[in-house]
Each structure stands twice: as structure tokens, then as C-alpha cells.
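*Asks:* Need a 3D model of the following:
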Amino acid sequence: MQDCGTIHLVGAGPGDPDLLTLRAARLIGRARLIVHDGLVSPEILALARSDARLVSVAKQRARHTLPQEQINALLVREARAGHDVVRLKGGDPFVFGRGGEEAEAARAAGVPVAIVPGISAANGAAAAAQIPLTHRDASSIVSFVAGQCKGLSEQDWAGLAGPGRTLVIYMGVKTAPQIAEKLMADGLAPDMPVAVIENGARPEMRVLRAPLAGLPDLVVDEQVVSPALIVIGAVSARTDTVLAQTAMEAAL
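*Replies:* Numbers count the residues shown, from 1 in each chain. The predicted structure follows:
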């Protein structure tokens with residue numbers, strides 16, 4: 001019987017190949033089979049060997065190339081056939097990447113699984129936009145939430161946003177009106193600063209800003225598309241100019 005292969009759940013980071021971990025880059029470069037999602041940039045896929053088999057299981061809102069259960073089955077089937085599988089995911093596999101579900105499926109099937117963390121979309125995009133997720137003058141708490149989960153209106157976000165806090169929302173472009181309404185109904189000020197980071201850490205990155213009440217119009221007027229993160233809190237108003245001025249004042 002052929003030896004079982006290993007499933008490697010690999011974080012590809014926010015899209016810039018220079019932000020890959022060394023281990024991720026090595027695995028991508030030698031893999032014969034890469035199963036990747038739609039957030040992995042073409043520049044990263046270009047690092048694969050010329051004879052590698054690239055299988056896209058890209059997910060889009062309300063339409064999946066493969067349901068998650070079938071992706072799990074695909075990974076297990078290939079590993080049981082003796083193939084090492086690089087399951088390549090944007091950001092980090094364990095931050096809204098369903099890596100936990102795939103690892104559980106592998107373990108349940110008796111297939112070896114290894115996790116290679118990546119720079120999360122929140123960390124990578126915020127750094128590229130020079131928005132500090134924490135700042136002694138603005139925020140000491142950071143929360144990550146998904147903006148397109150079922151039952152969004154019933155989710156309890158109380159205390160996740162407000163003075164001294166930063167809220168980072170993944171997958172919130174389509175539900176921006178509901179998000180703004182929900183947060184303001186929970187007592188968040190309509191003029192709370194918001195930044196939308198589209199295509200974070202990529203050449204086409206845009207950083208758009210508005211007050212919370214203006215978030216829905218911003219998304220529509222600027223035709224924001226995924227991948228995009230929404231950062232809510234005082235840190236969103238801190239631009240690179242503000243940070244540079246603060247550094248200059250500290251040096252005097």
C-alpha cells in the first residue's frame with residue numbers, strides 16, 4: 001500500500017510574496033499539488049514549480065467552487081493516494097480560513113496534517129496601510145469578526161468597538177449597511193472613524209476613510225470589492241502623516 005501523504009495547511013499572507021514565511025515559500029516551491037483559495041495572489045502561485053498541479057477551490061459569496069465538505073474530502077483523498085498536499089490559503093489558515101475544519105477532517109481520516117501560519121489579512125493590510133491596530137493613545141484591545149456570517153443581526157458585538165478599542169471586520173463589504181446600523185444601534189457614535197482597506201498589501205491597495213455613518217455610501221460610491229477589511233476605531237484616523245509627526249515630536 002502506498003504511504004499516506006501529508007496535508008500542509010499553509011498561510012499565504014495578504015498577497016505580497018515577500019510576506020510569505022520561509023517555510024511557506026519552500027513548500028510552495030517544491031509542491032507537486034497545491035489546492036488554493038481565491039485570495040492567493042497570482043504572484044504567489046507563480047512561485048510553484050512548472051509541473052505542479054494547481055487546483056482552485058475559490059469561494060465567493062453565495063457560490064462555492066466546491067462545498068467545504070468536498071474540499072475536505074479532496075484533501076484526504078489526495079493524501080491517501082500518497083500525495084503531499086499544500087492547501088494554500090490567503091492570510092492565516094486559522095483566522096477565518098476554515099483551517100480548523102480541514103485539520104479536523106484530516107485527523108478524523110488518520111491523515112497527517114501540518115499547520116504553517118501566515119501573516120493574517122488584518123495584520124498585513126493594516127501594516128501596509130500604516131494603521132496601527134493598537135496604539136497607546138487610541139486602542140489597547142483588538143477584536144476580529146466576520147461580517148457575512150449567518151444571523152449577523154443577532155450576533156452580540158457589544159463592547160467590541162468604541163473608545164480604546166479596534167474592531168476589524170473580515171468579509172464585510174456586502175453587509176456594510178447592516179454593520180453600520182448594528183454598531184450604531186449598539187451605541188457606537190456615528191462619527192467613529194472607519195477605514196476600508198481594499199487589496200491590502202498588494203500594488204492595487206486602496207485605503208478609504210469615512211465616519212461610521214458614511215460607511216455604506218463609501219462602499220457604494222467607491223465601488224469597493226473584496227478582498228477588503230473594515231477597521232473601526234480611533235486608529236483608523238491615524239495616517240502615516242500623523243504617525244510621522246508623532247515620531248518627529250518624540251525625537252525632539
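*Asks:* Sketch out the low-pLDDT regions of this structure for me.
*Replies:* When residues are selected by pLDDT under 70, those of the chain lie in 1-2, 60-65, 149-151, 239-252.
*Asks:* can you map out the strands along it?
*Replies:* Along the chain, the stretches classed as strands by DSSP state E are 7-11, 33-36, 53-56, 59-60, 63-64, 85-89, 113-116, 139-146, 164-170, 193-198, 206-211, 228-232.
*Asks:* Tabulate those strands (a markdown table), appending distance to residue 107.
*Replies:* All C-beta atoms are positioned from the backbone trio N, CA, C, and that covers glycine. As requested, the strands of the chain are exported to a markdown table (distance: least, CB to CB, whole Å):
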| stretch | distance to residue 107 |
| --- | --- |
| strand 7-11 | 10 |
| strand 33-36 | 18 |
| strand 53-56 | 22 |
| strand 59-60 | 23 |
| strand 63-64 | 23 |
| strand 85-89 | 14 |
| strand 113-116 | 6 |
| strand 139-146 | 24 |
| strand 164-170 | 26 |
| strand 193-198 | 35 |
| strand 206-211 | 40 |
| strand 228-232 | 31 |
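*Asks:* Next, format those strands as a markdown table and append distance to residue 72 and mean neighbour count.
*Replies:* What follows is those, written out as a markdown table (distance: least, CB to CB, whole Å; neighbours: other CB atoms under 10 Å):
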| stretch | distance to residue 72 | mean neighbour count |
| --- | --- | --- |
| strand 7-11 | 10 | 27 |
| strand 33-36 | 11 | 22 |
| strand 53-56 | 14 | 14 |
| strand 59-60 | 13 | 12 |
| strand 63-64 | 13 | 10 |
| strand 85-89 | 10 | 27 |
| strand 113-116 | 11 | 19 |
| strand 139-146 | 20 | 16 |
| strand 164-170 | 21 | 23 |
| strand 193-198 | 30 | 24 |
| strand 206-211 | 35 | 17 |
| strand 228-232 | 27 | 26 |
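*Asks:* Quick one: closest of the ones you listed to residue 99.
*Replies:* Evaluated with CB to CB, these place strand 7-11 nearest to residue 99, the distance being 4.8 Å.
*Asks:* my guess is residue 190 meets residue 212, correct?
*Replies:* Yes: look at residue 190 against residue 212 with CB atoms under 8 Å: they come within range, at 5.6 Å.
*Asks:* need the contact list for the closest residue to residue 222 other than its chain neighbours.
*Replies:* Of all residues beyond its chain neighbours, the one nearest residue 222 is residue 208 (5.4 Å), with distances taken as CB to CB, 6 or more residues apart in numbering. Contacts of residue 208 were listed using CB atoms under 8 Å, 6 or more residues apart in numbering, and they are 195-196, 198, 218, 222, 224.
*Asks:* Please identify which of the residues you listed is nearest to residue 42.
*Replies:* Of all the contacts of residue 208, residue 42 sits closest to residue 198, with 17.1 Å by CB to CB.
*Asks:* Show me what the closest one is bridged to.
*Replies:* Beta-bridge pairing of residue 198, defined through DSSP bridges, involves residue 206, residue 228.
*Asks:* Please list all residues in contact with it.
*Replies:* Contact analysis of residue 198 by CB under 8 Å, 6+ apart lists 204-208, 224-225, 227-228.
*Asks:* now, among these, which is nearest to residue 119?
*Replies:* Here the nearest of the contacts of residue 198 to residue 119, counting by CB to CB, is residue 227; it sits at 13.8 Å.
*Asks:* The closest one and residue 199 touch, don't they?
*Replies:* Yes: checked against CB under 8 Å, the pair residue 227 and residue 199 is within contact range at 6.4 Å.
*Asks:* any idea how far residue 38 lies from residue 235?
*Replies:* Residue 38 sits at a distance of 28 Å from residue 235 (criterion: CB to CB, to the nearest Å).
*Asks:* Tell me which of those two has more neighbours.
*Replies:* Comparing residue 38 with residue 235 by other CB atoms under 10 Å, the one with more neighbours is residue 235, at 22 against 13.
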